[in-house]
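Undergrad: predicted model, plus sequence, below.
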2 protein chains.
Amino acid sequence: MPELRKDPIVGRWVIIATERARRPLSETVVSSETSEGLCPFCEGNEDKTTNEIFACRDPKTVPDQKGWRVRVVPNKFPALQIEGDLNKKGNGLYDFMNGIGAHEVILECPFHETSMARLPQSNIREVLLAYRERLIDIKKDSRMVFGMIFKNSGAAAGASLQHCHSQLIVTPILPVNIGEEMDGALDFFRYRGRCIYCDILHQEFLDDKRIILDSPAFLVVAPYASRFPFETWIIPKSHNSHYENSSENDLNELGSVLKTVLLKLEIALDNPAYNYMIHTAPLNSNPLEHYHWHIEIIPRLTKVAGFEWGTGFYINHIPPEQAALVLRNTEIDKV
Amino acid sequence: MPELRKDPIVGRWVIIATERARRPLSETVVSSETSEGLCPFCEGNEDKTTNEIFACRDPKTVPDQKGWRVRVVPNKFPALQIEGDLNKKGNGLYDFMNGIGAHEVILECPFHETSMARLPQSNIREVLLAYRERLIDIKKDSRMVFGMIFKNSGAAAGASLQHCHSQLIVTPILPVNIGEEMDGALDFFRYRGRCIYCDILHQEFLDDKRIILDSPAFLVVAPYASRFPFETWIIPKSHNSHYENSSENDLNELGSVLKTVLLKLEIALDNPAYNYMIHTAPLNSNPLEHYHWHIEIIPRLTKVAGFEWGTGFYINHIPPEQAALVLRNTEIDKV
């Protein structure tokens, strides 16, 4: 059973998950995966994963068999597990609880493609719909507080398998980063009466130098205080705190926006490793006036070093205005 | 001029330092450095660095010439610069100021050694004294708020040169991570009337399963909520909020403790890349009852991935009790 432990000074929770030490190492898997038959995420190898929780699949096909386009399975080496009670406890100065939660893997395509940017639009759209379905389903469990959907693409971004996939980790407590974001947004809302993300959209249109892409329902920007070179945020233009409350139309449009942005990054930066994370409101909250879901994409071009670990300051040598200019001008027509 | 920009949501500051894009890349330097003459940090190559600010050197030798044992110079590609005014400004939603501060490099030995653990004790002790001297000197400048001393060792830890060195970056505002630590420690002090780090020392002696090394003046532990496998903290046993208020005796002892710990990590983990950071109270504060300086060492064995970036939760697959056991039992006698 994984364990959740709290740092007594800053209140940060850590998952001590010894099971995960057994998962395959990227170095070994990257080579064995190239012989397609060995990839556990490819169609035909359904018996190499745990049983599916959700899938977009052709009518007349059955679970855990061929015929799927997007497939969600529990992680074989989960950071948190679904069965059990939290059993919160203290030991002197220290607090801990059982590592209850969920850890799922979203297999994004049945064939062995390693770049999400190169997936057909239809696949990407169904992935985004699968995210929504999983969050809606997980919400029914009152122990679950927050669902973080994220992608690690490339070994430098922490991926241990190459086949296009993303992950959902659901935690029984509000993560500190999301808590800080929500607190900051709430402070702003109390002072100004407006959503800070809606104000950011307004400011970015005014400044007009950090916009990467402007679609009817989404704005893609290099954020003003980018921590990393080519950090990219996708923000829905209509106020909405919860990703899972997005309409099917919006997610369809997001599919093409995400594909375009990932292609631009792939071309401009020569296939960088990257992470993306969907920042959304806690599962157990009602629609919020002060919070606004969005996607943060971080190309992993530089190493985080001692200064960043110690201070939380980041040093970025590419101004977001320059990054936005490069990405805006990156042509993807011929891909 | 570098620029400091504030994230309007969470209040995190970012340094946009375009000058740093010009610094050597680790890939190219690692190879050229092996021909010793080309290392700018080796004795005899003093003309390849900026002019020294401080040095431990033999009597009768002169600055910026041979004869030094430890040498401090301004970083050639500074993240922050010493000249100028902060000139704080706003632009709509966004806040920024000039990137005023200091960025120094501590050259830890005159010969081409790449592992601090292999340096003579005398070198390490003088490095720790040099840290103290630099903080005491920087304190005189009222614009300077916080001094972060850190080491990046190995390319995976963000080092761009191999020759043993550490760095000091001084910021004109309190970094968010240190602020959170100080706030957490102050909350605890207000509630319990004691320093939380002193309580941690007490708890670690009671639990007696995360102690790596116990010297007269320092305790070395794998912290209870370790974010990373083999994360290691060195905590002075006597309460002291400011590193620069440490006695020469204490720093001499710290020299041998640090050498022992780094050797244990080097042997147990096969020369890992690592970072260490000295967490200390702000330069402009008096001695504080609630804060306690310490060193955090992070071996870079795993990649930080999307889940960690998004949530601030960390997943660690090696319990600190197991890491402490390994390091406690790692023999260094024959080195």
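TA: Nice, thanks for sending it over. Here the structure is a predicted model, which is why all the values come from computation and not from measurement.
Undergrad: and the most centrally placed residue in chain A, what does it touch?
TA: Per CA atoms, centre = their mean, the C-alpha nearest to the average position across chain A is that of residue A:150, at 2.0 Å. Residue A:150 is in contact with A:166, A:167, A:169, A:275, A:276, A:277, A:278, B:305, B:306, B:307, B:309, B:310, counting by CB atoms under 8 Å, 6 or more residues apart in numbering or on different chains. C-beta: built from backbone N, CA, C; applies to glycine.
Undergrad: likewise residue A:261?
TA: Residue A:261 is in contact with A:212, A:213, A:220, A:232, A:234, A:297, A:327, counting by CB under 8 Å, 6+ apart.
Undergrad: and the next element down the chain from the lowest-mean-pLDDT helix or strand in chain A?
TA: Lowest on mean pLDDT, DSSP states H and E among the helices and strands of chain A sits helix A:26-32, with a mean of 38. Towards the C-terminus, the helix or strand next in line after helix A:26-32, according to DSSP states H and E, is strand A:54-57.
Undergrad: who are the packing partners of the next helix or strand after that next one?
TA: The helix or strand immediately downstream of strand A:54-57 is strand A:68-74, counting by DSSP H and E. The criterion is 3 or more CB pairs under 8 Å, 6 or more residues apart in numbering or on different chains; DSSP states H and E, and the helices and strands that strand A:68-74 contacts are strand A:54-57, strand A:102-107, helix A:121-138.
Undergrad: most tightly packed of these?
TA: Looking across the helices and strands packed on strand A:68-74 with neighbours counted as mean count of other CB atoms under 10 Å in any protein chain shown, the highest average goes to strand A:102-107: a mean of 24.
Undergrad: okay, the angle between that strand and helix A:121-138?
TA: Calculated by axes from the mean of the first three to the mean of the last three CA atoms, to 10 degrees, strand A:102-107 forms an angle of 160 degrees with helix A:121-138.
Undergrad: pLDDT averaged over strand A:102-107 - what is it?
TA: Within the predicted structure, the mean pLDDT of strand A:102-107 is 97.
Undergrad: neighbouring strands - and their directions - for it?
TA: strand A:68-74 (antiparallel), strand A:165-171 (antiparallel) (DSSP bridges).
Undergrad: and for the closest residue to residue A:120 other than its chain neighbours, the neighbour number?
TA: Nearest non-adjacent residue to residue A:120, counting by CB to CB, 6 or more residues apart in numbering or on different chains: residue A:109, 8.0 Å away. Neighbour count of residue A:109, defined by other CB atoms under 10 Å in any protein chain shown: 26.
Undergrad: against residue A:159, how distant is residue A:109?
TA: Distance of residue A:109 to residue A:159, computed by CB to CB, to the nearest Å: 15 Å.
Undergrad: go on, residue A:223?
TA: From residue A:223 across to residue A:159, the span is 24 Å (CB to CB).
Undergrad: mind checking how far residue A:301 is from residue A:326?
TA: Relative to residue A:326, residue A:301 is positioned 12 Å away (criterion: CB to CB).
Undergrad: any shared contact partners between those two?
TA: residue A:230.
Undergrad: off-centre distance for stretch A:136-145?
TA: 18 Å (CA atoms, centre = their mean, to the nearest Å).
Undergrad: could you give the average pLDDT over that stretch?
TA: 95.
Undergrad: for that stretch, buried residues please.
TA: A:138, A:139, A:141, A:144, A:145 (16 or more other CB atoms under 10 Å in any protein chain shown).
Undergrad: among these, which one sits closest to chain B?
TA: Closest to chain B out of the buried residues of stretch A:136-145 is residue A:145 (11.2 Å), distances taken as CB to the nearest CB.
Undergrad: you'd agree that closest one is up against residue A:179?
TA: No. Using CB atoms under 8 Å, residue A:145 and residue A:179 do not qualify as a contacting pair, with a distance of 10.5 Å.
Undergrad: for residue A:211, give me phi and psi.
TA: Per-residue torsions, residue A:211: phi -80, psi 130 (degrees, to the nearest 10).
Undergrad: what about the helices in chain A?
TA: Secondary structure of chain A (DSSP state H): helices located at A:26-32, A:121-138, A:176-192, A:196-207, A:248-269, A:306-311, A:320-328.
Undergrad: want to throw those into JSON lines with distance to residue B:268?
TA: Written out in JSON lines, the entries for the helices of chain A read as follows (distance: least, CB to CB, whole Å):
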{"stretch": "helix A:26-32", "distance to residue B:268": "20"}
{"stretch": "helix A:121-138", "distance to residue B:268": "40"}
{"stretch": "helix A:176-192", "distance to residue B:268": "30"}
{"stretch": "helix A:196-207", "distance to residue B:268": "46"}
{"stretch": "helix A:248-269", "distance to residue B:268": "36"}
{"stretch": "helix A:306-311", "distance to residue B:268": "21"}
{"stretch": "helix A:320-328", "distance to residue B:268": "40"}
